[in-house]
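Q: Fold the following.
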Amino acid sequence: MTEETETRARAVGDAPLDEQRRGAIQGFAAYALWGLFPLYFHALAPAGAWEILANRILWTFAFCLLLLTFRRDWVWIRPLLRRPKFLGGIAVAAVLIAVNWVVYVAAVAAGNVSEAALGYFLNPIVTVALGVVVLRERLRPLQWVAVSIGLVAALYLSIGAGRVPWIALVLAVTFALYGLLKKRLGATLPALHGLTVETTVLTPVAVGLVIWLGVSGTQTFTTEGPVHTTLLVLSGVITAAPLLLFAASARRVPLVTIGLLQFVTPVMQLLCGVVLLGERMSTQRWVGFGIVWLALVVLTIDSLVGVRQRRIRDAADDGVCEPAP
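A: Take a look at the predicted model:
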């Protein structure tokens, strides 16, 4: 096999099998940790969404600085400061992820875990739709079907509940826009560097929130005992760990594997809400979820077919016969 062919093979995910297994385990661990977030944030009561947001930002920032110091990894900062447009894009991304965080935590605190899970089920569909609206991408037939089914699900849930599922839509749209913006930035920073910059941007806001909570007498960091304080401090590790695991996984496994693994998070979030936190799900909402899952099945089939077709084209370009399935 030529060097060019080997490079192309790696690009479509043909990494060594042991590396792919390792990446799959790392990816599953990342999505599983995200899936357990409802239990963690539920355990942070009586802290409110804004206090949890402030602590996530501050302790994630501190954790990132600790890792960078341990690794002596500072040389990337000076070149980055000479790219104001890039920094501006990261700042907007930071705001989007902060909105996503606070809405999600507020949803958990209010007992709306299932609607939050719906947001992450809808996220892949919203991402595809943004590709059409913002990037002017051309969708394949199955992608159009998936987006159409997703729209039907959103309408059905809105009409059935008598209200628009704002929590799900805000979570899906903010996370999709966050991913889109990171893509538009081009060659993005490694996960640790990116998270450091994003939390640096948000730290003044977090400090302001801490001051406001202290002045208003609504902070719980020092009033609910050492266990509560420790859990708030650990929110930095809890935030950073799955991101770093995901970054390590994405380098080792094919994109289609990441696409399949991402459904672990909302499934676990839904199970946490319904089974462990006692949230009630109406028949109408189960039907709405079923429609969304149908859209995701169609999207997954399209992804698998697309990967298969790309491999066939690459093999044909290199004069290699693709083995029969």
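
Q: Check which helix or strand the residue nearest to the spatial centre of the chain maps to.
A: Most central residue of the chain, judged by C-alpha distance to the mean C-alpha position with C-alpha atoms, centre = their mean, is residue 175 at 6.4 Å. Using DSSP states H and E, residue 175 falls within helix 166-184.

Q: What of residue 229?
A: Using DSSP H and E, residue 229 sits within helix 226-250.

Q: Show the subsequent helix or strand relative to that helix.
A: Beyond helix 226-250 in the direction of the C-terminus, DSSP H and E gives the next helix or strand as helix 255-261.

Q: which is the next helix or strand following that following helix?
A: With secondary structure assigned by DSSP H and E, helix 255-261 is succeeded by helix 264-271.

Q: tell me the angle of the next helix or strand after that next one relative to helix 166-184?
A: Reading on from helix 264-271 to the C-terminus, the next helix or strand found by DSSP H and E is helix 283-317. Taking axes from the mean of the first three to the mean of the last three C-alpha atoms, to 10 degrees, helix 283-317 and helix 166-184 form an angle of 20 degrees between their directions.

Q: Any idea how far helix 283-317 is from the middle of the chain?
A: For helix 283-317, the distance between its averaged C-alpha position and the chain's averaged C-alpha position is 19 Å (C-alpha atoms, centre = their mean, to the nearest Å).

Q: Quick one: mean pLDDT for it?
A: Rounded to a whole number, the mean pLDDT of helix 283-317 is 81.

Q: Ok, stretch 176-188 next?
A: 76.

Q: list the buried ones in that stretch?
A: Using 16 or more other C-beta atoms under 10 Å as the test for burial, stretch 176-188 gives 176-182, 185, 188. Heads up, the C-betas are built off the backbone N, CA and C, glycines and all.

Q: Pass me the low-pLDDT residue ranges in the chain, would you?
A: 1-15, 186-188, 255-256, 314-325 (pLDDT under 70).

Q: ok now do the residue lying closest to residue 264 once chain neighbours are set aside, which residues does it touch?
A: In space, residue 264 comes closest to residue 31 once its chain neighbours are excluded; the distance is 4.0 Å by C-beta to C-beta, 6 or more residues apart in numbering. Shown here is residue 31, whose contacts under the criterion C-beta atoms under 8 Å, 6 or more residues apart in numbering are 242, 246, 261-262, 264-265, 268.

Q: so the one helix or strand residue 31 maps to versus helix 264-271, what angle?
A: The secondary structure element spanning residue 31 is helix 17-35 (assigned by DSSP H and E). When the same axes, to 10 degrees is applied, the directions of helix 17-35 and helix 264-271 differ by 30 degrees.

Q: chain center to helix 17-35, what's the gap?
A: How far helix 17-35 lies from its chain's middle: 14 Å, per C-alpha atoms, centre = their mean.

Q: Can you name the element that comes right after that helix?
A: Towards the C-terminus, the helix or strand next in line after helix 17-35, according to DSSP H and E, is helix 37-43.

Q: For the following helix or strand past that next one, list every residue counted as buried.
A: Sequence-wise, the next helix or strand beyond helix 37-43 is helix 49-71, with elements assigned using DSSP H and E. Within helix 49-71, the residues that count as buried by 16+ other C-beta under 10 Å are 49-61, 63-64, 68.

Q: swap in stretch 293-308?
A: Neighbour counts using 16+ other C-beta under 10 Å place 293-296, 298-300, 302-303, 307 of stretch 293-308 among the buried residues.
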